[in-house]
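Asks: generate a structure from the sequence data that follows.
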Amino acid sequence: NDAPSQLGAVDTLAYTENDAATVIDSAIDTPVDDDDTNLKSATVTISNNLVAGDALSGTYSSGANFTYAWSSPTLTITAAGGGKSLAEFDAALQSVTFVSTSEDPTSAARTLSWVLTDDDDASSAARTSTVNVTPANDAPSQLGAVDTLAYTENDAATVIDSAIDTPVDDDDTNLKSATVTISNNLVAGDALSGTYSSGANFTYAWSSPTLTITAAGGGKSLAEFDAALQSVTFVSTSEDPTSAARTLSWVLTDDDDASSAARTSTVNVTPVDDAATGTLAVTGTFAEGQTLTADTTDIADVDDDDG
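Replies: So this is what the prediction gives:
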C-alpha cells in the first residue's frame, strides 16, 4: 500500500492579533495516492511555538461529510462513512483556518505539520507550513470606577480614591505614565498632585489642568502604578471655588505607548461663605438729626456673599 502524498507546499499565512479565523491556504494541491482513491483522515498539528488561544478548524462540508476536531495542538479531520475522494479531501484541507484568541500571542512563527491517512491506514510524510503572527499592542485598562470625592473649601490636599483597582494590560507588565486632567469646571487655585514614592520612582508634574505622573526608569509595575494613582490628591486654594462639580479624566500609557480610554471621576466642592474683612469708616457727629457718612473702601468680601 502506497502512502498518500501532497504536491507542492502550503502557503505561509500572515496573521495579525485579533483577526478572525483565517484560511491558511485556499489553493492546496490535490493529494495523490497511487493505489487509493479515498482518504479517511488528516491531521494538522501546531508543532512549534504554540500559544494558549491558538486553534485550527475547518469549514468545508462540516458535519455532512467531515468532522473537524480540535484538541490542542492537533486538528483531526475525519471523513464520514470511512473515506472521501481525494478532491473532496482537498476541499477540506483548503478550508482549514488558524485563529488565536490570545491578547499576547507573541510574534513567534507557528510551524504546522500536515499528515494524510488513506483507506488502508497508510499515512503520508508530514508537510510543514508556517503561520507568521503579528501581535497588536493592547492598551491598558482600569477596572471599576474612581470614587467621587467630597471636598470642602479650605480643606487640605485630599486623596481622591485610595482604593483604585489595579490596572490591567494584557501584553505589558509595566506602565510608563498617566495623566489626570480636570476636564470640566476648573477654577483658578484647583490643583492635583501625588505622593507615592515621589522623586524615587515617580514624578508628579502639575500644569493646569493636567497632572502628569511619570515612572522613573521608563516604566513601573501595574501594582506600583496603582499605588501612585491611589495617592493622587485634589486641593483648591481659591476662596471662591464655586460649587460646580469638577470632572477628572484619568488616562494610562504603557511601555509601548498605547494609551487607555479615559476614565472619569467627580470632585464635588462645597464652598464656605467667607466673612467680609476690613474696617468701616464712619464720619460725622453722632447726634440726633445729624447725617453720618460710611466709607466702605476698606471692606472686602472674597466670595461676594453676605458675611
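Asks: quick check: which ranges of the chain have low pLDDT?
Replies: Scanning the chain for pLDDT under 70 picks out the ranges 6-8, 143-144, 274-277, 280, 284, 289-290, 296, 298-307.
Asks: just confirm A92 is within a helix.
Replies: Yes. Counting by DSSP: H, G, I helix; E, B strand; the rest coil, A92 is part of a helix.
Asks: list the contacts of it.
Replies: A42, G58, Y60, S61, N65, F66, I77, A79, K84 (Cβ atoms under 8 Å, 6 or more residues apart in numbering). Every C-beta, even on glycine, is put in place using the N, C-alpha and C of the backbone.
Asks: again, but for A9
Replies: A9 touches R127, S129, counting by Cβ under 8 Å, 6+ apart.
Asks: before we move on, what about the one 4 residues further on?
Replies: With contacts taken as Cβ under 8 Å, 6+ apart, L13 has the following neighbours: T22, I24, D25, F98, S129, T130, V131, N132.
Asks: helix, strand or coil for the last one?
Replies: In terms of secondary structure, N132 is strand; the call rests on three-state DSSP.
Asks: you'd agree it is up against A108?
Replies: No. Counting by Cβ atoms under 8 Å, N132 does not reach A108; the two are 9.4 Å apart.
Asks: what's the spacing between T148 and T264?
Replies: As judged by Cβ to Cβ, to the nearest Å, T148 and T264 stand 11 Å apart.
Asks: please enumerate the helices of the stretch 1-150 of the chain.
Replies: In the stretch 1-150 of the chain, the segments counted as helices under DSSP state H, counting those that start in this stretch are 86-94.
Asks: between the contacts of A92, which has the most around it?
Replies: I77 (28 neighbours; other Cβ atoms under 10 Å).
Asks: beta partners for that one?
Replies: Note on I77: beta-bridge partners A42, Y68, judged by DSSP bridges.
Asks: tell me the spacing between it and S102.
Replies: Going from I77 to S102 by Cβ to Cβ gives 24 Å.
Asks: what do you get for V146?
Replies: Distance, V146 to S102, by Cβ to Cβ: 30 Å.
Asks: which one of those two has more residues nearby?
Replies: V146 (21 against 17).
Asks: contacting residues around that one?
Replies: So V146 contacts I160, D161, I164, L248, W250, R263, T264, S265 (Cβ under 8 Å, 6+ apart).
Asks: redo that, cut-off 6 Å
Replies: D161, I164, S265 (Cβ atoms under 6 Å, 6 or more residues apart in numbering).
Asks: adding distance to V180, neighbour count and secondary structure, write those out as JSON lines.
Replies: Shown next, in JSON lines, are the contacts of V146 (distance: Cβ to Cβ, whole Å; neighbours: other Cβ atoms under 10 Å; DSSP: H, G, I helix; E, B strand; the rest coil):
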{"residue": "D161", "distance to V180": "11", "neighbour count": "18", "secondary structure": "coil"}
{"residue": "I164", "distance to V180": "11", "neighbour count": "24", "secondary structure": "coil"}
{"residue": "S265", "distance to V180": "9", "neighbour count": "20", "secondary structure": "strand"}
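Asks: can you tell me which of those lies closest to G53?
Replies: I164 (29.0 Å; Cβ to Cβ).
Asks: and that closest one, how far from W250?
Replies: In terms of Cβ to Cβ, I164 sits 8 Å off from W250.
Asks: try T214
Replies: Distance of T214 to W250, given as Cβ to Cβ: 15 Å.
Asks: cool, W70 as well?
Replies: The value you get for W70 to W250, if Cβ to Cβ is used, is 41 Å.
Asks: neighbour-wise, which of those two wins?
Replies: Set W70 next to W250 and count neighbours by other Cβ under 10 Å: W250 wins out with 24 against 14.
Asks: which other residues reach the helix or strand where the more buried one lies?
Replies: Element membership for W250 (DSSP states H and E) is strand 246-254. Residues outside strand 246-254 that contact it (Cβ under 6 Å, 6+ apart) are 140, 167, 169, 172, 175-185, 259-260, 262-265, 267.
Asks: let me know how buried S198 is, in neighbour terms.
Replies: So S198, with other Cβ under 10 Å, has 14 neighbours.
Asks: could you find the closest non-adjacent residue to it?
Replies: Nearest non-adjacent residue to S198, counting by Cβ to Cβ, 6 or more residues apart in numbering: Y204, 6.0 Å away.
Asks: ok, the one you found - contacts?
Replies: Each residue near Y204 by Cβ under 6 Å, 6+ apart is listed here: S193, G194, S198, I213.
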